[in-house]
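Asker: Next one to model:
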Amino acid sequence: MAINRKKQEGGFSKRHRGVIVFTTFGLITNIAYILNSYLSSAPNFFHHLGGNVFDHIIIILFLPLLFVIGLLSDHSRSAHESLGKALKRESAVSHNLQEVFYPRIKQIEGYEFAARYRSLLEESDVGGDYYDVFQLGNDYTVFTIADVSGKGLQAGMLGAFVKSVIRAYLREQFNLPSAVARISSAVYHEHGPDMFVTAFIGILHKPSGHLRYVNAGHPGPLHVLKVKGISILNADSMPLGIFAGQEFIEDEITLDADDYLILYTDGLYEFRTGHEATPETIAKEVEAFLPASADELAGRLLAAAESGINGEINDDIAVLTLRRLKAAEERTPIRIDRIA
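Answerer: Reported below is the predicted structural model:
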């Protein structure tokens with residue numbers, strides 16, 4: 001999901017400034033007409049100046065209006081400066097979140113990981129999409145990809161919260177559906193029903209390649225089998241944080257030598273010119289891109305998404321690719337690209 005920074009303006013909005021000026025103008029005009037009616041019938045200072053009495057009254061009374069306009073202009077400049085400072089602070093926070101959302105992936109014996117991330121906005125290095133890979137003991141690896149609903153820094157903060165509770169609860173509780181239920185409850189109680197998270201959470205047993213996973217409303221990852229084609233791991237559960245007391249379904253697969261697992265967010269296939277927005281679109285591209293290393297595959301998928309939408313990104317894109325190596329095969333260097 002994309003960051004959409006809401007326009008932040010301190011003090012008076014353009015609409016409010018217009019109302020103030022218009023109201024002041026109306027008051028001055030009414031006062032001028034009243035004074036004109038009174039003073040026109042009697043000799044006074046204005047008759048000595050020559051011309052229409054009303055003209056002189058308007059000139060004098062409009063001086064306060066000019067003063068009001070000046071004050072509003074100063075206030076507007078001050079508000080603009082405050083907005084600039086606020087955006088700089090948000091940019092600094094986003095930079096720190098980038099290190100949380102898109103970490104360097106550690107080497108995993110017998111496997112090859114790669115990742116790509118493309119932000120919707122050039123001025124932002126972080127969005128509502130994130131991935132994570134971490135170890136559980138010596139034999140297990142957890143990997144996650146998620147897409148947070150909502151926009152802006154709030155979505156980024158929720159993503160960081162989800163990442164932290166996933167790490168904490170999976171280390172406490174090895175039962176995956178129960179742990180995901182706790183994670184979902186934490187999201188719901190933290191942010192209520194207005195925000196939710198689609199996520200794929202998998203626990204890989206490295207020696208055997210056995211993978212247990214929960215797909216909580218996320219676009220189906222692709223399991224590329226060496227001899228049987230491509231299988232889409234569609235969601236069997238609702239997104240995290242929809243309501244309290246959700247239950248989640250665990251599924252499993254086995255990654256054999258030279259199998260791939262491709263995780264991504266919906267920005268990878270949405271809004272493409274002349275393409276249907278489905279995971280099947282990605283599956284067809286993967287078939288054309290193989291054979292490839294995990295790194296090459298991630299790069300080709302991102303490049304295809306960018307070319308398919310004429311280079312105009314309409315959503316954040318996150319891609320995480322995993323390949324199980326053959327017994328005698330050497331791993332290519334793990335890489336992560338952040339493009340903003």
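Asker: Show me where the chain has its strands.
Answerer: Ranges of strands in the chain, per DSSP state E, are 111-118, 129-136, 140-148, 197-205, 210-216, 222-225, 229-232, 251-254, 260-264, 317-324, 336-339.
Asker: show me the contacts for Pro221.
Answerer: Neighbour list for Pro221: 145, 200, 215, 232-233, 261-264 [criterion: C-beta atoms under 8 Å, 6 or more residues apart in numbering]. Placement of C-beta: from N, CA and C, glycine included.
Asker: Next, give phi and psi for Asp209.
Answerer: Quick fix: residue 209 is Gly, not Asp. For Gly209, the backbone dihedrals (degrees, to the nearest 10) come out as phi 80, psi 10.
Asker: Find the nearest non-adjacent residue to it, please.
Answerer: Residue nearest to Gly209 in three dimensions, not counting chain neighbours: Leu255, with 4.0 Å by C-beta to C-beta, 6 or more residues apart in numbering.
Asker: rewinding a little: nearest to Gly245, of the strands of the chain?
Answerer: In terms of C-beta to C-beta, the element of the strands of the chain nearest to Gly245 is strand 210-216, at 14.4 Å.
Asker: Against which helices or strands is that closest one packed?
Answerer: Strand 210-216 sits against helix 176-191, strand 197-205, strand 251-254, with contacts defined as 3 or more C-beta pairs under 8 Å, 6 or more residues apart in numbering; DSSP states H and E.
Asker: Using JSON lines, please lay out those together with mean neighbour count.
Answerer: Putting the helices and strands packed on strand 210-216 into JSON lines (neighbours: other C-beta atoms under 10 Å) gives the following:
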{"stretch": "helix 176-191", "mean neighbour count": "20"}
{"stretch": "strand 197-205", "mean neighbour count": "24"}
{"stretch": "strand 251-254", "mean neighbour count": "14"}
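Asker: mind giving me JSON lines with the ones you listed and columns for distance to Phe289?
Answerer: Shown next, in JSON lines, are the helices and strands packed on strand 210-216 (distance: least, C-beta to C-beta, whole Å):
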{"stretch": "helix 176-191", "distance to Phe289": "30"}
{"stretch": "strand 197-205", "distance to Phe289": "21"}
{"stretch": "strand 251-254", "distance to Phe289": "21"}
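Asker: Can you tell me which of those is nearest to Leu268?
Answerer: strand 197-205 (13.3 Å).
Asker: Not counting the closest one itself, show me its contacts.
Answerer: Counting by C-beta under 8 Å, 6+ apart, 111, 136, 139-149, 158-159, 162, 166, 170, 176, 180, 187, 210-219, 221, 233, 235, 239-241, 255, 261, 263 sit against strand 197-205.
Asker: rerun that using 7 Å as the cut-off
Answerer: Residues from elsewhere that reach strand 197-205 (C-beta atoms under 7 Å, 6 or more residues apart in numbering): 136, 139-149, 162, 166, 176, 180, 187, 211-218, 221, 239-241, 263.
Asker: likewise stretch 238-256?
Answerer: Identification of contacts with stretch 238-256 by C-beta under 7 Å, 6+ apart yields 162, 176-177, 180-181, 183-185, 187-188, 191, 193, 195-199, 209-214, 216-217, 223, 226, 236-237, 261, 324.
Asker: about what we covered before: now the helices and strands packed on strand 210-216 as TSV including distance to Asp295 and mean pLDDT?
Answerer: As requested, those are arranged in TSV below (distance: least, C-beta to C-beta, whole Å; pLDDT from 0 to 100):
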stretch	distance to Asp295	mean pLDDT
helix 176-191	28	94
strand 197-205	19	98
strand 251-254	22	98
